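Trainee: Dropping a prediction and its sequence here:
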Amino acid sequence: MSSSSPHGSTSSQTMSARALLPTLLLLVAAAAATAARAGAPARPLAGGWFPIRNVSDPHIQELGGWAVTEHVRLANDGLRFGEVTSGEQQVVSGMNYRLVLDATDADGKLAAYGAFVYEQSWTNTRELVSFASAD
Ligand SMILES: *[C@@H]1O[C@H](CO)[C@@H](O)[C@H](O)[C@H]1NC(C)=O
């Protein structure tokens, strides 16, 4: 057979240039979308994260308990809330909380967990963004 020669380098370069073009267009579109979001007045820029100075604050403890209840509603693993031991918060359109809390699992083992909670108090919105073992 005479058609068994491999593709030349010119041919493969043409191929990769063709493959690259849609990628470049995607990047341009993504950059434009990001710029549009950044310019939207309805979304204030998020501030930095600050340590929660007093985790004994009843609101913080209640939030930690709510996070465990919400986690159990989704995972049904029988986890029981102990207390929030530390955390950070970030002002957004509302507040983000990264809480470290103690909880007891179904086997009675006490362990630390990390809960990310978003709260917008004036719309009664709470969202458990993530919940995971902190070990
Ligand atoms: C922390 O908050 C609790 C509950 O509101 C309060 O009793 C305690 O005095 C506070 N501790 C400090 C150091 O502010």
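Mentor: Cool, the structure landed. For clarity, every value in this text was computed on a predicted model and none was experimentally measured.

Trainee: average model confidence for stretch 46-66?
Mentor: Averaged across stretch 46-66, the pLDDT comes to 96.

Trainee: That one vs the ligand: in contact?
Mentor: Yes. Stretch 46-66 is in contact with the ligand by C-beta under 6 Å from any ligand atom, via N54, S56, D57, P58. Quick note: C-beta positions are derived from backbone N, CA and C, even for glycine.

Trainee: how about JSON lines for the residues you listed, with secondary structure and neighbour count added?
Mentor: What follows is these, written out as JSON lines (DSSP: H, G, I helix; E, B strand; the rest coil; neighbours: other C-beta atoms under 10 Å):
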{"residue": "N54", "secondary structure": "coil", "neighbour count": "6"}
{"residue": "S56", "secondary structure": "coil", "neighbour count": "10"}
{"residue": "D57", "secondary structure": "coil", "neighbour count": "13"}
{"residue": "P58", "secondary structure": "helix", "neighbour count": "7"}
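
Trainee: Give the other helices and strands that the longest strand belonging to the chain contacts.
Mentor: Of all the elements of type strand in the chain, the one with the most residues (DSSP state E) is strand 80-92. Applying 3 or more C-beta pairs under 8 Å, 6 or more residues apart in numbering; DSSP states H and E, one finds that strand 80-92 contacts strand 49-51, helix 58-75, strand 94-104, strand 110-120.

Trainee: which residues sit against the second one?
Mentor: Counting by C-beta atoms under 8 Å, 6 or more residues apart in numbering, helix 58-75 makes contact with 52, 54-55, 77-81, 83-84, 87, 97, 99, 101, 103, 113, 115, 117, 119, 126, 128, 131, all of which sit outside it.
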